[in-house]
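Q: need a 3D model of the sequence below.
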Amino acid sequence: MLPGPRNLITDVPGLQVGNAHDSMLRSGVTVVTADAPMVASVAVHGGAPGTRETDLLAPDKSAPGVDALVLSGGSAFGLAAAQGVMDELHSQGRGFEVLSARVPIVPAAILFDLLNGGDKAWSDNPYPALGRAALAAAEADFAIGTAGAGAGAQTAQHKGGLGSASFVLDGVTVGALVAVNPMGSVTTPSGGYFHAAPLEIAGEFGGLGVDPEPSWRILPSRKVQAMAAQGNTTIAIVATDARLDKAQCHRLAVAAHDGIARAILPAHTPMDGDLVFAASTGAQEVDPVALAMLSHAASLCLSRAIARAIWEAKPEPGDTLPTLRETLS
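A: Have a look, this model is predicted:
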């Protein structure tokens, strides 16, 4: 398995990603869309999720696909970003036909970034406009780090961010996109090594190597835990051009959660709303054995994307936590 040419989720043919964020607000929105509706499902393993339209993604529900997927900051306020995306898609004539009506399907998930030092004293909810702007910006190349839904993200020790990575295996592509804002830490207790270090390819998150001290021996301090518990959640999308139905997408999302557990300690806590969407553009046929390997690849992609999010985070005036690179300099 090797990364695709961009090492982004948009190595999956047909996918586009758009980011929009407000530096004063210290928050933002990321949208994934495609040339045609995507088959999609979701798996939630965190104890405090915030979602919209995720019930439709269960394998037994009738919605055949989605027009876009939204990751947003803003806690529950950020769910309104999906409305902005939905309204813009409707104006473009996108959506599923229901007799004479057309309804875009736009599931969304949010993270909590209300205590990161940004200006949250808005009179009108800013997230619908951010959703529209993110959709308008959607293309194959996009920024990671301090961008989109990761613009105001934080981890237990460092500034969080938006990350992405991809793999190509046997002619099939899988990619991951993630906004990293967990209670746990993406780095080992020393702060200088990634938990995901054994999975790194070609120095994609700094080439820092593996911590010689096993990280499981030391839990984060109570102070770090208390600070991190102010607001959490890692929300992600894994996607592939393999032709999957909703049940298979659900299995892909479940497996991809292993990538969160490999890259963040602790993960899936009662205070995190950890969630993974899985989407299929449906171009390539796969058999059940190939699906097993695809699921494994998705989990590895997600671990790498999480580390890339932290490595690419940029310092900004007023940050309440340093970037990892600042602590290493």
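Q: drop to CA atoms for contacts and neighbour counts, all remaining ones
A: Will do.
Q: and residue 21, what does it touch?
A: 27, 28, 29, 130, 147, 148, 149, 151 (Cα atoms under 8 Å, 6 or more residues apart in numbering).
Q: sec struct for residue 177, please.
A: strand (DSSP: H, G, I helix; E, B strand; the rest coil).
Q: not counting its neighbours along the chain, what's nearest it?
A: Nearest residue to residue 177, sequence neighbours excluded (Cα to Cα, 6 or more residues apart in numbering): residue 164, at 4.4 Å.
Q: same check on residue 204?
A: residue 308 (6.8 Å).
Q: and that neighbour, how far is that from residue 325?
A: Spatial separation of residue 308 from residue 325 under the definition Cα to Cα, to the nearest Å is 12 Å.
Q: same question, residue 238
A: Per Cα to Cα, residue 238 is found 27 Å from residue 325.
Q: more neighbours: which of those two?
A: residue 238 (29 against 17; other Cα atoms under 10 Å).
Q: what helices and strands are in contact with the strand or helix carrying that one?
A: Using DSSP states H and E, residue 238 sits in strand 234-242. If you count contacts as 3 or more Cα pairs under 8 Å, 6 or more residues apart in numbering; DSSP states H and E, strand 234-242 packs onto strand 172-180, helix 246-263, strand 275-284, helix 288-311.
Q: hang on, residue 315 packs against residue 322?
A: Yes: at 7.0 Å, residue 315 and residue 322 qualify as touching, with contact defined as Cα atoms under 8 Å.
Q: burial measure for residue 122, as a count.
A: Residues near residue 122, counting by other Cα under 10 Å: 8.
Q: so is it in a helix, a strand, or just coil?
A: coil.
Q: now for the closest residue to residue 206 other than its chain neighbours, how many residues are close by?
A: Distances taken as Cα to Cα, 6+ apart put residue 311 closest to residue 206, at 6.9 Å, once the chain neighbours are dropped. Residue 311: 25 surrounding residues under other Cα under 10 Å.
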